[in-house]
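> Take this sequence and fold it.
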Amino acid sequence: MLFNSHAFTFLFLPIVIFLFVFLSIRNIPQKFLFYTIIAASLVFVLIGDFLSLALLLTSLFCNYAILHKLSSTESEDRRRYLLIFGIVFNLSFIGVFKYADFFLVNLNYFLAEDIALLQDRLPLAISFYTFQLIALLVDSWKDRRPCLPPERLALFVSFFPQLIAGPIVRYQEVEKDLGRLGIIDLRKMATGASIFFIGLFKKTVIADNLAPIANIFYSAVEKGQSPSFFEAWGGSLAYTFQIYFDFSAYSDMAIGLALIFGISLPINFYSPYKAASIIEFWRRWHMTLSRFLRDYLYIPLGGNRGSVLGRWRNVFVTMLLGGLWHGASWNFVLWGGAHGLLIAANHAVRRLRLPIPTPVGWILTMLALVVTWVLFRTPEVDAAGRVFAGMAGFGGIVFPVSLAPYLIDIMGDSSAIRFESSELIRMPAFVVITCAAAIAFFTPNTTQIFFEKRETTFTLRVALLTSVAGCFGIFGLFEAASFVYFRF
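Below is the predicted model of the structure:
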């Protein structure tokens, strides 16, 4: 069930909020509130498909058994073996359902065989709750934490606002809020609703209007069409801002929904396109994933310890695996590897103390992001190659035909200008892209508006902003389009 669907916005969510408020004001035992939200979360998953629900429940039961054994075992060796078993068990879920076909396809290629593929559809949320459970296991092992009560573990993992696409939460970040579950805070609920509707606006009004531009362009490229210069850059920019507002929208909606129930999730998106370096970008984009990769992969690999080359190697391997986490294809591996090299180069520049002005750093960062998003969006390497060739001008510097009247007025001689009548990117698309860029670059994010400003949340300005955003967002609910990160 999508957050931007009529069924969720007008049926599922109001029912769950009503039950939550009704049970809270009746002062029933807190466990019943846990079970109510858990049940709602399981229904949320079941609407997706039964396999996703079965895998989630299996993962919950097995991880509870591992956590219980981990907390009651005194032997450090046995606890270490339990931790390793738990990590391998959780990764095996992703390995089978996300990477088995990728492995078999490559095995068939290298061995010239024809092994049948599983062709399984990726279960909902498996990439996210698996990482969340691994973090919980490692933290419980390190800190010798007692095993969580089953209802707390189930709610922590299955909580529907953040289940499908994050943020990847650590238990200690929500522990206090879970302990206060059932205490109605009208200010938090109003703030949460405001953030949710701003996210809905970003999704239905901005991201979903950029999506057709990017989809038309990349569909043509995947079918073998070689784009011209303006088509390649226009299509790439459309996707660059589509994924930005799509993920920004989901992050806002997840945080807003959780806040309605009194739970504060960690910030996961903080204006990453304002970053002046690729390092800063990853501190602002999918912040909880970056943190997970740092704490549970980069540091165990050696982190900053050892030689400079060792540090860069650890960065590269971490980003390579981070790219593979996003999807089972060589393009994701290349995307992760490219960002690993960029981060290593960024560290090298800092080490050499080269004076790069902030505007220059920002331009270089945006250029790197637009180019690498091509790998992220295209399913095959050859399709990405066609886009890169177009961006480099090998497809010709062909002006969109919709620019003809303006260029002829300026140059006065249409024979000197080459136009393309079957363009993939038309003039109105560039207007939409420009408006999206202006919002991304020059407006404050929701964290700044609701959590960093000194004035109270309930000002007339913020109330008006939320009302307008909510109205436009609801009017945009013609057809629910999936979030980009739902497929990971």
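
> What distance do you get for the closest residue to P227 other than its chain neighbours to Y129?
Closest residue in space to P227, ignoring its immediate chain neighbours: G390 at 3.8 Å, by Cβ to Cβ, 6 or more residues apart in numbering. All C-beta atoms are positioned from the backbone trio N, CA, C, and that covers glycine. Distance, G390 to Y129, using Cβ to Cβ, to the nearest Å: 39 Å.

> The closest residue to P150 other than its chain neighbours sits in which helix or strand?
Leaving aside its chain neighbours, P150 sits nearest to Y64 (5.9 Å; criterion: Cβ to Cβ, 6+ apart). Counting by DSSP states H and E, the element that carries Y64 is helix 50-72.

> what's the answer for I183, then?
Counting by DSSP H and E, I183 is found in no helix or strand.

> Quick one: residues contacting N63.
G86, F89, N90, L133, L136, L137, L153, V157 (Cβ atoms under 8 Å, 6 or more residues apart in numbering).

> now do 6 Å
L133 (Cβ atoms under 6 Å, 6 or more residues apart in numbering).

> If I look at it, what pLDDT would I see?
The score at N63 is 96. That number is its pLDDT.

> ditto for S75
Per-residue confidence (pLDDT) for S75: 88.

> All the helices of the stretch 101-250 of the chain, in order from the start?
Assigned by DSSP state H, counting those that start in this stretch, the stretch 101-250 of the chain shows helices spanning 126-143, 150-158, 160-163, 171-179, 186-201, 208-222, 229-260.

> Would you map out the domains in this structure?
If you go by automatic domain parsing, the domain ranges for the chain are 6-183, 189-487.

> which of the ones you listed has the lowest average pLDDT?
Mean pLDDT is lowest for domain 189-487 out of the domains of the chain, coming in at a mean of 85.

> Relative to the whole chain's centre, how far out is that domain?
10 Å (Cα atoms, centre = their mean, to the nearest Å).

> next one: stretch 171-179
Taking Cα atoms, centre = their mean, one finds stretch 171-179 lying 23 Å from the centre of the chain it belongs to.

> in that stretch, what's buried?
For stretch 171-179, burial by neighbour count (16 or more other Cβ atoms under 10 Å) applies to Y171, V174, D177, L178.

> now swap in stretch 207-226 and tell me
Those would be 207-211, 213-214, 216-218, 220-221, 225-226, for stretch 207-226 by 16+ other Cβ under 10 Å.

> same deal with stretch 182-190?
Across stretch 182-190, burial judged by 16+ other Cβ under 10 Å covers G182, K188, M189, A190.

> same check, this time on stretch 145-159
Neighbour-count burial for stretch 145-159 [16+ other Cβ under 10 Å]: C147, L148, E151, R152, L153, A154, L155, F156, V157, S158, F159.

> now the strands: where do they sit in the stretch 301-450 of the chain?
Using DSSP state E, counting those that start in this stretch, the strands of the stretch 301-450 of the chain run over 399-400, 419-420.

> what's the span of stretch 283-302, first residue to last?
20 Å (Cα to Cα, to the nearest Å).

> returning to what we had before: of all the buried residues of stretch 171-179, which two lie farthest apart?
For these, with distances taken as Cβ to Cβ, the pair at the greatest spread is Y171 and D177 (11.0 Å).

> Quick check: the residue nearest to P150 vs W282, distance?
In terms of Cβ to Cβ, Y64 sits 33 Å off from W282.

> And the two? Which one has more around it.
Neighbour comparison, Y64 and W282: the larger count goes to W282, with 23 against 18 (by other Cβ atoms under 10 Å).

> thought the more buried one was touching S290?
Yes: counting by Cβ atoms under 6 Å, W282 does reach S290; the two are 4.9 Å apart.

> Overlap of the contact sets of the two?
Counting by Cβ under 6 Å, 6+ apart, nothing touches both W282 and S290.

> quick one, helices of the stretch 351-488 of the chain?
Going by DSSP H, counting those that start in this stretch, the stretch 351-488 of the chain shows helices at 358-377, 381-391, 404-411, 427-442, 446-447, 460-475.

> residues contacting the nearest residue to E231 once chain neighbours are set aside?
In this structure, E231 finds its nearest non-sequential neighbour in L424, 4.6 Å apart by Cβ to Cβ, 6+ apart. Neighbour list for L424: F217, A220, E231 [criterion: Cβ under 6 Å, 6+ apart].

> Also N304?
R311.

> Can you list phi and psi of it for me?
With angles defined as degrees, to the nearest 10, N304 sits at phi -80, psi 0.

> got it, and F269?
Dihedral angles for F269 - degrees, to the nearest 10 - are phi -150, psi 120.

> In space, what's closest to it - neighbours in sequence excluded?
Leaving aside its chain neighbours, F269 sits nearest to S251 (4.0 Å; criterion: Cβ to Cβ, 6+ apart).

> is it true that the one you found touches N268?
Yes: counting by Cβ under 6 Å, S251 touches N268, with 4.6 Å between them.
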